[in-house]
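Engineer: This is a predicted model, with the sequence first.
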Amino acid sequence: LPVQLVSLLCILLSSCISKITGMLPSTCTFLLSTVALLLVRTSVSFLLPTNVDRLLHHRPYHITSNKMTTSQKQEIGEETLIALIGVTCDSEKDASPVLREGVTDLFKLYFNELFELGCDLGFQGFQNEWIDLPGKYDFAKRGGLFIAVELPSTTGAGSSNENEEVFIVQPGMDLPDSSGSGKLLDALKDKNQIVGCIAIRSLTEACGEVKRMYVRKTHRRRSIGKLLAKHIIDHAWNECNYEEIKLDSLERLSGAVTLYENLGFNRIEPYCECPEHDHVCMSMFRSDNK
């Protein structure tokens, strides 16, 4: 609608100018045209969000709010636990169809949040990732895709920080009986219970790349990002048998950069292309973690 209003404004101004300019000297015509262009530009800035040129070509994706409703909170209950679950995005292997839906939702949230910070991941073809899941994060291709899921617990074992129990569920497997949450198909009712994600893909035979770490805003400052990052590092060494893992980020994502550095990643020269001015590349070697 804002674009249509701007177009209508341009048409009306053009019509007025064409009628008036025939009766004015050339200098006045130039001044009138300049004023008209300024008016259009001002209208655009009021009618559209910031970063107009990019938003005209890349509209943010419509996604469900990551805020949980009262009924969802009541359904999950006060006592919850965190399970880190490997996702194959294969309906015949994953224990719940909500897993892929939740990954897609988190990827879109990730894209939109970075876009709001002025970073457009369109140059990476990121929009295709949630269409082609698991894509390059396929476990069969020495990749991996893991999610953090908040589940109800009848055991009273919560998981609000890293010192509490966290259950690891391998790809295609169900929740262990010790979780007290029953079957994943029954425990996972809504995609908003999927509160974080992280992935890894193969760069070379000896090196993997960590990608797409994201935690819902409603669940930050609960060490979920650290749990995901530590698990993907263990997966890289023990399951993928990599000797090195790399990642790239942005200085403006200070929380993520600090987390990576605290886990032992070191800054390196850029290994991939990125148009952002505050691009950061990091690396970790398996030998440094022994």
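Structural biologist: Sure thing, it's come through.
Engineer: And the closest residue to Leu250 other than its chain neighbours, how far from Pro270?
Structural biologist: Distance criterion C-beta to C-beta, 6 or more residues apart in numbering; nearest residue to Leu250, sequence neighbours excluded, is Asp278 at 5.1 Å. Glycine gets a C-beta too; all of them are placed from N, C-alpha and C. Going from Asp278 to Pro270 by C-beta to C-beta, to the nearest Å gives 12 Å.
Engineer: Lys136 too?
Structural biologist: Using C-beta to C-beta, we find Lys136 at a distance of 20 Å from Pro270.
Engineer: And Asp190, by the same measure?
Structural biologist: Between Asp190 and Pro270 the distance is 39 Å, computed by C-beta to C-beta.
Engineer: Can you get me a residue count around the residue nearest to Leu250?
Structural biologist: By other C-beta atoms under 10 Å, the residues close to Asp278 number 12.
Engineer: On the pLDDT front, check it for me.
Structural biologist: With respect to pLDDT, Asp278 scores 93.
Engineer: what sits against it?
Structural biologist: Asp278 makes contact with 250-252, according to C-beta atoms under 8 Å, 6 or more residues apart in numbering.
Engineer: ok, back up a step: okay, Lys136 and Pro270: which has more neighbours?
Structural biologist: Ranked by neighbour count (other C-beta under 10 Å), Lys136 and Pro270 place Lys136 first, with 16 against 10.
Engineer: The more buried one contacts Leu145, correct?
Structural biologist: No: the pair Lys136 and Leu145 does not pass the contact test of C-beta atoms under 8 Å, sitting 9.7 Å apart.
Engineer: rewinding a little: and which of the contacts of Asp278 is nearest to Ile168?
Structural biologist: Of all the contacts of Asp278, Ile168 sits closest to Leu250, with 29.3 Å by C-beta to C-beta.
Engineer: how far away is the closest one from Glu205?
Structural biologist: 28 Å.
Engineer: Then Gly118?
Structural biologist: According to C-beta to C-beta, Gly118 stands 36 Å off from Glu205.
Engineer: Comparing those two, which residue is more hemmed in?
Structural biologist: Neighbour count, other C-beta under 10 Å: between Gly118 and Glu205, Gly118 has more, with 13 against 9.
Engineer: now the more buried one, what's its secondary structure?
Structural biologist: Under DSSP: H, G, I helix; E, B strand; the rest coil, Gly118 falls in the coil class.
Engineer: Next up, phi/psi of it, please.
Structural biologist: Main-chain torsions, Gly118, degrees, to the nearest 10: phi 90, psi 10.
Engineer: Ok, Tyr214 next?
Structural biologist: Dihedral angles of Tyr214 (phi, psi; degrees, to the nearest 10) stand at phi -150, psi 140.
Engineer: count of residues packed around the residue lying closest to it once chain neighbours are set aside?
Structural biologist: Distance criterion C-beta to C-beta, 6+ apart; nearest residue to Tyr214, sequence neighbours excluded, is Tyr110 at 4.2 Å. A count of neighbours around Tyr110, defined by other C-beta under 10 Å, yields 19.
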